[in-house]
Every structure is written in structure tokens, then in C-alpha cells.
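Undergrad: Sequence first, predicted coordinates after that:
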Amino acid sequence: MTSLPILATHSGKFHCDEVFAYAVLRLALGLSTAGQDHILLRTRKQELIDSAAIVWDVGFTFDAAANRFDHHQRGAPLRADGTPFSSAGLVWQVYGERAVAALLRQSGAEAFAPAIAAELDNTIVRSIDENDNGVAADGPVRRDALGLAALIGDCNPTWDHPAANGPTAGDTAFQEAAALALDVLRRRVENLRARLAAEAIVLAAHAASEDPRLLVLDRGMPWKNVVFTHDLPVLFGVSPASNGNWMVDTVPPEPGSFAQRLPLPEAWAGLDAEALAAVSGVPDAVFVHLRRFVGAAKSREGALEMARKALAGV
């Protein structure tokens with residue numbers, strides 16, 4: 001009979017870094033439930049730690065080749081900017097991209113894994129490193145009562161709970177916290193996948209556009225961030241809305257601005273239905289916001305006509 005691989009971290013109160021690292025390892029290695037295809041060992045006994053296949057956040061050793069990922073010892077590794085790694089950061093450097101690829105496999109989007117893993121390392125994982133070590137390269141550590149570290153910390157049994165004491169104290173709660181971390185990671189990866197997929201579609205649509213100032217999409221998706229990231233000269237975006245109309249969206253001069261690079265015509269402002277159709281000359285025009293940053297028509301052709309008239313200065 002083949003023995004199950006042992007994954008070891010420290011016992012007692014748990015923190016975000018070792019919980020997140022465990023979630024990453026399970027994804028990267030294709031592991032499901034502790035006790036079925038692996039053993040999760042929470043201990044501080046060195047002889048037990050030495051017997052484990054993978055060890056993190058305990059053991060006073062960092063050796064990625066030997067699957068040892070502690071960060072409490074002298075000489076523990078630092079990020080390029082001097083930020084100390086936590087066990088989450090150390091595990092992520094080796095297993096993060098594999099974990100992301102595992103989450104992307106079902107949608108066939110593994111090609112996005114390197115980009116998503118890098119972004120997650122620079123956001124979520126770095127934040128875990130900073131919070132666990134109390135050190136940030138750019139100033140004081142930012143505490144967030146609703147951040148992942150705080151939410152996972154709240155999974156620990158309270159001091160007066162029966163599960164807070166004994167040799168298996170917190171083991172069940174650790175698994176619950178790991179499920180939370182895994183769900184957060186899964187959702188964030190999916191959102192980043194969708195963003196990258198949208199970016200590819202938006203860039204292709206813009207490249208195919210007859211007028212670089214006009215972006216036409218056949219599905220609703222986030223596109224303005226792509227305009228800014230790639231410095232596209234788009235003034236209007238046309239795309240379908242969930243209610244069946246087709247929207248004409250303006251583009252602000254910079255992210256977060258309430259102004260527009262080119263607002264819809266002033267004569268259309270605050271009009272709808274027959275009044276707007278009469279003034280604009282677009283029979284199925286639906287409305288234009290009083291602030292002229294968005295309008296709509298009942299059809300794709302009507303929305304395109306509105307955008308073209310606005311570009312022509314009508």
C-alpha cells in the first residue's frame with residue numbers, strides 16, 4: 001500500500017499565510033481532501049516535520065528544491081524590493097502558476113496562467129507577505145478589517161471555545177479557513193481570466209474597426225480599461241445591453257473622470273423616445289443622458305448611427 005504524502009505546517013493558531021499556502025498546494029498538486037489523498041500535519045515536533053514531503057511556515061528552513069518553505073529563520077529570503085516573504089509568498093513562487101493553471105484548465109484558458117499568477121503575486125500574495133511580517137516596502141502595512149488576512153484570522157476558534165485547546169486545536173477550523181482561501185483564489189482567478197479574455201476581444205475589435213475612434217462589440221464586456229491601458233483613440237463604444245437595447249458609451253479623458261473625451265451632442269441631452277428620434281434623426285433612438293455620457297438605441301444600426309453622427313459633430 002502506498003502511503004499518503006504528508007504536508008506539514010505548524011500547529012496552534014493559524015494565520016493567512018499558511019492557510020493560503022495550503023490552498024495553493026492543494027490546487028497545484030491536484031489534492032482534494034486531507035486523509036484521502038494526502039495527510040495534513042499540523043505540528044511543531046521536528047521529527048514529524050522532517051518526515052513530511054512538503055513543509056511550510058515551520059521548520060526554520062527554506063529550500064525550495066526540498067519543498068521547505070519557512071521564513072522565520074535568519075537569512076530568510078526577501079522580495080527584490082526588500083519585502084520579506086511569508087510562507088504564502090515562498091510557496092507561490094514555486095506552485096502559484098501551477099495552481100492558477102489548474103483553475104483555468106476547465107475553461108481551456110491555461111495560456112493566461114503566467115500573467116494571472118504574476119498579477120496575483122503582486123497583489124494578494126504580496127499583501128499576505130506584508131501583513132504576516134508587519135513590513136511593507138512602501139511604508140506602513142495597510143490593515144483591512146475585511147481583508148483576507150482578517151477574515152482567515154477570524155476562522156480561529158475563540159479562546160473560550162472547546163476547540164481552542166488540545167493536540168488537534170484548530171485543525172477543523174484550519175480546513176474551513178483553507179476552503180475560504182481557495183474560494184477567494186478561485187473567484188479572483190476567474191475574474192482576471194475574464195478581464196484578459198475581454199482585453200483580447202476588445203483589441204481585435206478595435207483593429208478591425210473602420211474608424212479607430214469607434215469601438216463596436218457584439219457582447220457586453222469591460223472595455224474602457226483596455227482603451228486606457230493600450231492608449232486607444234476611442235471616443236465611443238457601441239455594445240448590447242442586457243435589456244435588448246444597444247448602448248453608446250463615451251470615454252472619459254482618464255480613468256475615474258466624469259468628463260468625456262467627446263460628449264454626445266448637446267441637442268440630444270436629456271431627450272428620449274420620439275423627441276430624441278426627431279432631433280437626432282435616428283428613428284429608434286431611445287435616450288441620451290442629461291450629462292451626455294451615454295445614450296441608447298433599440299438596434300445595433302441605430303446605436304452606430306448615433307455614434308457616427310456624434311463623431312461628425314451633428
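TA: Happy to help now that I have it. Fair warning: this is a prediction, and the values are worked out from it, not measured in the lab.

Undergrad: ok, the residue of the chain positioned farthest from its centre - contacts?
TA: Using Cα atoms, centre = their mean, the residue of the chain lying farthest from its centre is A278. It sits 45.3 Å away. Not one residue lies near A278 by Cβ atoms under 8 Å, 6 or more residues apart in numbering. Heads up, the C-betas are built off the backbone N, CA and C, glycines and all.

Undergrad: Give me the three-state assignment for it.
TA: Following DSSP: H, G, I helix; E, B strand; the rest coil, the label given to A278 is helix.

Undergrad: Model confidence score at it, please.
TA: On the pLDDT scale, A278 is placed at 97.

Undergrad: Let's check: the centremost residue of this structure is which one?
TA: Taking Cα atoms, centre = their mean, the centroid of the chain lies closest to R188, which sits 3.4 Å from it.

Undergrad: What does that residue show for phi and psi?
TA: phi -70, psi -40 (degrees, to the nearest 10).

Undergrad: Now for it: which residues touch it?
TA: So R188 contacts L120, I124 (Cβ under 8 Å, 6+ apart).

Undergrad: Equivalent analysis for R68, please.
TA: V55, W56, G59, T61, F62.

Undergrad: repeat that for 6 Å
TA: The neighbours of R68, taking Cβ atoms under 6 Å, 6 or more residues apart in numbering as the test, are V55, G59, T61.

Undergrad: quick one on the thing from earlier: and the pLDDT for the residue nearest to the centre of the chain?
TA: At R188, the predicted lDDT confidence score is 97.

Undergrad: now A169
TA: The model reports A169 with a pLDDT of 87.

Undergrad: give me the number of residues near it?
TA: Residues within reach of A169, counting by other Cβ atoms under 10 Å, total 19.

Undergrad: how close does it get to S86?
TA: Here A169 is placed at a distance of 22 Å from S86 (Cβ to Cβ, to the nearest Å).

Undergrad: Please report how far the residue nearest to T61 when sequence neighbours are not counted lies from A207.
TA: Excluding the flanking residues, the one nearest T61 by Cβ to Cβ, 6 or more residues apart in numbering is R68, at 4.3 Å. Distance, R68 to A207, using Cβ to Cβ: 48 Å.

Undergrad: Show me the shaky parts of the chain.
TA: Within the chain, the segments meeting pLDDT under 70 span 1-2, 314.

Undergrad: again, 80 this time
TA: Within the chain, the set of residues satisfying pLDDT under 80 comprises 1-2, 136-146, 314.

Undergrad: Endpoint to endpoint, stretch 40-48 covers what distance?
TA: Terminal residues of stretch 40-48 are spaced 12 Å apart (Cα to Cα, to the nearest Å).

Undergrad: Now do the buried residues in that stretch.
TA: Across stretch 40-48, burial judged by 16 or more other Cβ atoms under 10 Å covers L40, L41, R42, T43.

Undergrad: want to try a markdown table for the residues you listed, with distance to G313 and secondary structure as columns?
TA: Formatted as a markdown table, the buried residues of stretch 40-48 follow (distance: Cβ to Cβ, whole Å; DSSP: H, G, I helix; E, B strand; the rest coil):
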| residue | distance to G313 | secondary structure |
| --- | --- | --- |
| L40 | 67 | strand |
| L41 | 71 | strand |
| R42 | 69 | strand |
| T43 | 74 | coil |
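
Undergrad: got TSV for those residues, with distance to D160 too?
TA: TSV is the format used below for the buried residues of stretch 40-48 (distance: Cβ to Cβ, whole Å):
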residue	distance to D160
L40	25
L41	27
R42	21
T43	24
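
Undergrad: about what we covered before: for the residue nearest to T61, which residues make a bridge with it?
TA: Counting by DSSP bridges, R68 forms beta bridges with V55, D63.

Undergrad: Around D50, how many other residues sit close by?
TA: 12.

Undergrad: Tell me how far it lies from L41.
TA: Relative to L41, and taking Cβ to Cβ, D50 is found at 11 Å.

Undergrad: Kindly report the same for A285.
TA: A285 is 67 Å from L41, by Cβ to Cβ.

Undergrad: send the alpha carbons of stretch 240-254 over as CSV?
TA: Taking Å, rounded to 0.1, in the frame of the first residue of the first chain, the C-alpha atoms of stretch 240-254 are listed here in CSV:
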residue,chain,number,x,y,z
PRO,A,240,-25.5,45.5,-26.5
ALA,A,241,-27.2,45.9,-23.1
SER,A,242,-29.0,43.2,-21.1
ASN,A,243,-32.4,44.8,-21.8
GLY,A,244,-32.1,44.4,-25.6
ASN,A,245,-31.0,48.0,-26.4
TRP,A,246,-27.7,48.9,-27.8
MET,A,247,-25.6,51.4,-25.8
VAL,A,248,-23.5,54.3,-27.0
ASP,A,249,-20.9,55.0,-24.3
THR,A,250,-18.4,57.9,-24.2
VAL,A,251,-14.9,57.6,-22.9
PRO,A,252,-13.6,59.8,-20.1
PRO,A,253,-10.2,61.6,-20.6
GLU,A,254,-8.7,59.5,-17.8
